[in-house]
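sequence first, predicted coordinates after that:
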Amino acid sequence: MIGANTIQKGTFVKTIMARSHRKASGKKNMIAGLMLTPMVDMFSLLVIFLLQSFSASPELLYAAKDVTLPSAVTGIEVKDAPVISVSSSEIYVDQKLAGNLKDLLINPEPLMEKLGEQRDLWLRTHPGQDFPGKITLQAHKDLPSPIVSQLMAMLPSQNFATIQLAVVAGGSEPAPDKKVE
Amino acid sequence: MKLAAQVKVLLASTGEREPFISAARIASSPGVNYGDLVSVMDELRKQQVNNIGVMPPGSK
């Protein structure tokens, strides 16, 4: 008598015989126990680690193709904002092509539409909040400065008044934050 | 970089007077590329000039 169960000798022998027969025939009788408590502990640690590592890291910017960013020592952490990328020939808004640089400088309407879409998207996703008007500008360092300043002057018309210039950190921090007059 | 160095010398020449320069406006020029413009801004920020405006071309 073991606990409340009675094992009859004949039944036990049959079970052992059946098991050995299965082993002999090449089939394994797999019995695996799952330890729930250590598993939950391990997953809890993993979740905490992932939360901490993602919250500690600043926003990441994807460098646009054909754009070499200028470097700067001073700067602040990159804030989450739409990104306008200006290469020597094209302009992208959030990695989507807005058009040819020369064409957009003559007729900025397609660029304004894209920026307006970005602003409307933000307003839809943040109902009841004031639009912060921040935008990150990635521009190729060899572009003539009047082209960049002309583009910067266009941005406030779509309520993007605070322009963050994306730079390569020459020191420890990236991106100076500045306002356009 | 040369332009930024000139700005550094210019800011140093204003001496130790207080209050120091608190804001700056930068007018872009066709002979200056964007990288140099950023380096000038960087130099200004090093001197605690954080309120920087870039003038659009043609404005005075």
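Received, thanks.

show me which residues of chain B sit near chain A.
B:25, B:28-30, B:32-39, B:41-42, B:45-46, B:50-57 (CB under 8 Å from any CB of the partner chain). Using the backbone N, CA and C atoms, a C-beta is placed for each residue, glycine as well.

same thing but 7 Å
B:25, B:28-30, B:32-35, B:37-39, B:41-42, B:45-46, B:52-57 (CB under 7 Å from any CB of the partner chain).

quick one: the spatially closest residue to B:Leu37 that is not a sequence neighbour from A:Ala81, how far?
Of all residues beyond its chain neighbours, the one nearest B:Leu37 is A:Ser145 (4.4 Å), with distances taken as CB to CB, 6 or more residues apart in numbering or on different chains. From A:Ser145 across to A:Ala81, the span is 22 Å (CB to CB, to the nearest Å).

okay, these two: which has more neighbours?
A:Ser145 (24 against 21; other CB atoms under 10 Å in any protein chain shown).

ok, now which ones touch that one?
Taking CB atoms under 7 Å, 6 or more residues apart in numbering or on different chains, we find A:Ser145 in contact with B:Ser28, B:Ser29, B:Val32, B:Asn33, B:Tyr34, B:Leu37.

show me the helices in the chain, by range?
I'll assume chain A. With helices called from DSSP state H, chain A shows them at A:9-24, A:36-56, A:101-106, A:109-125, A:145-154.

could you do chain B instead?
According to DSSP H, the helices that chain B contains are B:2-13, B:34-46.

about what we covered before: what's the most distant pair in the contacts of A:Ser145?
Greatest spatial distance among these (CB to CB): B:Ser29 and B:Tyr34, at 11.7 Å.
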